[in-house]
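# got a sequence here, can you model it:
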Amino acid sequence: MEILIRDYREDDSGQVLALVRELQAHEKAFFDRMRDAADIGPWYLEALQSACADGRGRVLVATRGGDILAYACVLTDQSSAEERDEVPYRYALVQDLVVTKAARGQGLGRRLLTACEAIARAAGVRWLRISQLADDHAAGEAYKSFGFQNLLIEMEKSLD
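You can find the predicted model right below:
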C-alpha cells in the first residue's frame, strides 16, 4: 500500500496524539524530566498548532491506508535575533519528528525530512535545524545520514 505525505487535519488528532505519547515515552528513557506519556493530552496538539501559526509552520503526517505512521512539524520562520553575537538570520526548525516503532526502518522519517526541507526551501530559508536528546544515538545517526551536522552541543551539570 502506498505511503502518502500530507498536511495534518483535525480528524488526525487521535492518531497524532498517540504518536506524541510514543515519542514522549521513548525520550523519557533518555531524559528523566520528560512528562509521563499519559500526561500528554490535546493541549500538546493545540500548542503545536500555535507554534505553527507563530513560526509559519506546518504539521505533516505519513499515512498508509488511513493509518498515520509518522508525523513531523516544521517551523519556517525561526530567528537567530536573540543571539547577540551573531548576524541575524532566519532558519527552519523541525520541531517534532516521530515514526511509530512498528514502521521504523521503512524510510518514513527520511520522507518527512525531505518534505520539511522542501517546505523550508520554498519559504526562502537557507538552513534547516533539528535537535535530539544527546543519548539518543539512533536519532543522531539517522539525522546525520540525512545530512545534518552538529552545530552546537549544549551541556549540563546537575547541581544535586
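# could I have the worst-scoring helix or strand of the chain on mean pLDDT exported to CSV, CA atoms only?
Lowest on mean pLDDT, DSSP states H and E among the helices and strands of the chain sits helix 137-145, with a mean of 90. The C-alpha coordinates for helix 137-145 follow below in CSV (Å, rounded to 0.1, in the frame of the first residue of the first chain):
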residue,chain,number,x,y,z
HIS,A,137,22.3,7.9,19.3
ALA,A,138,19.9,6.2,16.9
ALA,A,139,18.2,9.5,16.2
GLY,A,140,21.6,11.2,15.8
GLU,A,141,22.8,8.7,13.3
ALA,A,142,19.5,9.0,11.3
TYR,A,143,19.8,12.8,11.2
LYS,A,144,23.4,12.6,10.2
SER,A,145,22.6,10.2,7.3
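# buried residues, it. List them.
139-140, 142-143 (16 or more other CB atoms under 10 Å). Just so you know, the C-beta spots here come from the backbone N, C-alpha and C atoms, and that holds for glycine as well.
# for stretch 73-81, same thing?
For stretch 73-81, by 16+ other CB under 10 Å, it's 73-76, 78.
# next: stretch 96-103.
Buried, per 16+ other CB under 10 Å, within stretch 96-103: 96-100, 103.
# residue ranges of the strands in the chain, please?
3-7, 57-64, 67-79, 90-99, 128-130 (DSSP state E).
# the longest one pairs with which strands?
Applying DSSP bridges, strand 67-79 is found paired with strand 57-64 (antiparallel), strand 90-99 (antiparallel).
# so what touches the shortest one?
Spelled out, it's strand 57-64. 1-8, 12, 15-16, 48-49, 51-52, 68-77, 95-96, 99, 108, 111-112, 115-116, 119 (CB atoms under 8 Å, 6 or more residues apart in numbering).
# dump the residue contacts of the nearest residue to E117 once chain neighbours are set aside.
Counting by CB to CB, 6 or more residues apart in numbering, E117 lies nearest to L128, which is 5.7 Å off, once chain neighbours are set aside. For L128, the contact set (CB under 8 Å, 6+ apart) comprises 74, 91-94, 116-117, 120, 148.
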